[in-house]
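S.K.: Fold the following, please.
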Amino acid sequence: MTGDPREVLTRPAPPPDATVAYGDHPDQCADLRGPAGEGPARPLVVVVHGGFWRAEYDRTHTGPMAAALAALGHPVAQLEYRRTGRPDSGWPDPLTDVLAGVAALPGLAAAAWPGRVAPVPPILVGHSAGGHLALYVAAHAPDTTGGVLALAPVADLAEAYRLDLDSGAVAALIGGGPADVPERYATTDPSALVPIQPRTVVIHGVLDRQVPVSMSRSWVAADRAAGGSATLIELSECEHFGLIAPDSAAWPRVVTALRSLLGDPPGIDAASSTR
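M.R.: Predicted coordinates for the structure are as follows:
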């Protein structure tokens, strides 16, 4: 990958095979991409996009990565959800939407591709704010989650509020700071929800300027201290957007981590941290 890493946010991708609704709101939907070629049924991969939960960022920027995963033989759903900055959405809409979507999408995908979607919980692949949402779902609905691949996740909302990431993004999502609505942080902040029961792999670039790698380091340490088994993989030459760009140097590591969660070799040692 060359040039501006943010270019992936506007890169075109092949159109999805179908778009399905899991609720009545226009944003309660997902784009489906069928697995390439022939093969056995495989778990659904649900891609949860980032963008600091803001309305100006939607699922379309995950089209290139979703298409690349489908080309590898995975059934893929790009989950959309209501986001901040619109009069018809607010607390706790992004959270309840993702819970509902993750629960509904395996059945919707199985109906679209009979015999190609395994009847097991999906693997969640969440980037940035989508990583936060994936961890939230895994904590609150572990039976609907087969595993989490969190890519540069906003894994500590209180710290993200303190750092004022993306100029007030956390306050816009939660409705204030930790001192204002502590009960919301207690049920929403991944740092307060450890250990995460489903197997979790976190990948974070050391050069990330949007979400500091220290956030993933502290979250994985807290999860493991609480008895969890989360894995942290640090990529020394990676920034924030390379994790979702199929032509980046980081992409093979993303694919390997996903395959480990699906049970494909090679596996990842849960105690490892690669820099």
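S.K.: Report how many residues lie close to the closest residue to residue 203 other than its chain neighbours.
M.R.: Using C-beta to C-beta, 6 or more residues apart in numbering and skipping the chain neighbours, the partner closest in space to residue 203 is residue 233 (4.7 Å). Every C-beta, even on glycine, is put in place using the N, C-alpha and C of the backbone. Applying other C-beta atoms under 10 Å, we find 21 residues neighbouring residue 233.
S.K.: for residue 197, same thing?
M.R.: 12.
S.K.: Touching, it and residue 138? I think so.
M.R.: Yes. Judged on C-beta atoms under 8 Å, residue 197 makes contact with residue 138 at a distance of 7.0 Å.
S.K.: my guess is residue 205 meets residue 250, correct?
M.R.: Yes. Counting by C-beta under 8 Å, residue 250 is a contact partner of residue 205 at 6.8 Å.
S.K.: and for the two, which residues touch both?
M.R.: Both residue 205 and residue 250 are in contact with 235, 238, 242-243, where contact means C-beta atoms under 8 Å, 6 or more residues apart in numbering.
S.K.: which residues touch the spatially most central residue of the chain?
M.R.: Residue closest to the average C-alpha location in the chain (C-alpha atoms, centre = their mean): residue 126, at 0.8 Å. Contact analysis of residue 126 by C-beta under 8 Å, 6+ apart lists 47-48, 50, 132-135, 148-151, 153.
S.K.: so where's the chain shaky on pLDDT?
M.R.: Applying pLDDT under 70 to the chain flags residues 1-2, 265-275.
S.K.: which residues are contacting the lengthiest helix in it?
M.R.: Under DSSP state H, the helix in the chain containing the largest number of residues is helix 93-112. Applying C-beta under 8 Å, 6+ apart, the contact partners of helix 93-112 are 17-18, 20, 22-23, 25, 27-28, 30, 32, 34, 44, 46, 48, 53, 75, 77, 79-84, 116-117, 119-122, 124, 133-134, 136-137, 140-141, 144-145, 173, 188.
S.K.: quick one: the helix or strand following it to helix 93-112, angle?
M.R.: Under the assignment DSSP states H and E, the closest C-terminal helix or strand after helix 93-112 is strand 123-127. Angle between the axes of strand 123-127 and helix 93-112 is 140 degrees (criterion: axes from the mean of the first three to the mean of the last three C-alpha atoms, to 10 degrees).
S.K.: Within the sheet, what are the partner strands of strand 123-127, with directions?
M.R.: The pairing partners recorded for strand 123-127 under DSSP bridges are strand 45-48 (parallel), strand 147-151 (parallel).
S.K.: What is whichever helix or strand comes after it packed up against?
M.R.: Past strand 123-127, further along toward the C-terminus, the next helix or strand under DSSP H and E is helix 129-140. If you count contacts as 3 or more C-beta pairs under 8 Å, 6 or more residues apart in numbering; DSSP states H and E, helix 129-140 packs onto strand 45-48, helix 93-112, strand 123-127, strand 147-151, strand 200-205.
S.K.: what's the angle between the fourth one and strand 200-205?
M.R.: What it means is strand 147-151. Per the same axes, to 10 degrees, the angle that strand 147-151 makes with strand 200-205 is 10 degrees.
S.K.: And the contacts of strand 147-151?
M.R.: Under C-beta under 8 Å, 6+ apart, the answer for strand 147-151 is 123-128, 130-131, 134-135, 138, 196, 198-204, 216, 243-244, 254, 257-258, 261-262.
S.K.: returning to what we had before: what's the ChimeraX syntax to select whichever of the contacts of helix 93-112 are buried?
M.R.: To isolate the buried members of the contacts of helix 93-112 in ChimeraX, using 16 or more other C-beta atoms under 10 Å:
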select :18,20,22,27,28,30,32,34,44,46,48,53,75,77,79,80,81,82,83,84,116,117,121,122,124,133,134,136,137,141,144,145,173,188
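S.K.: the more surrounded of residue 205 and residue 250?
M.R.: Remark: of residue 205 and residue 250, residue 205 carries more neighbours, 26 against 22, as counted by other C-beta under 10 Å.
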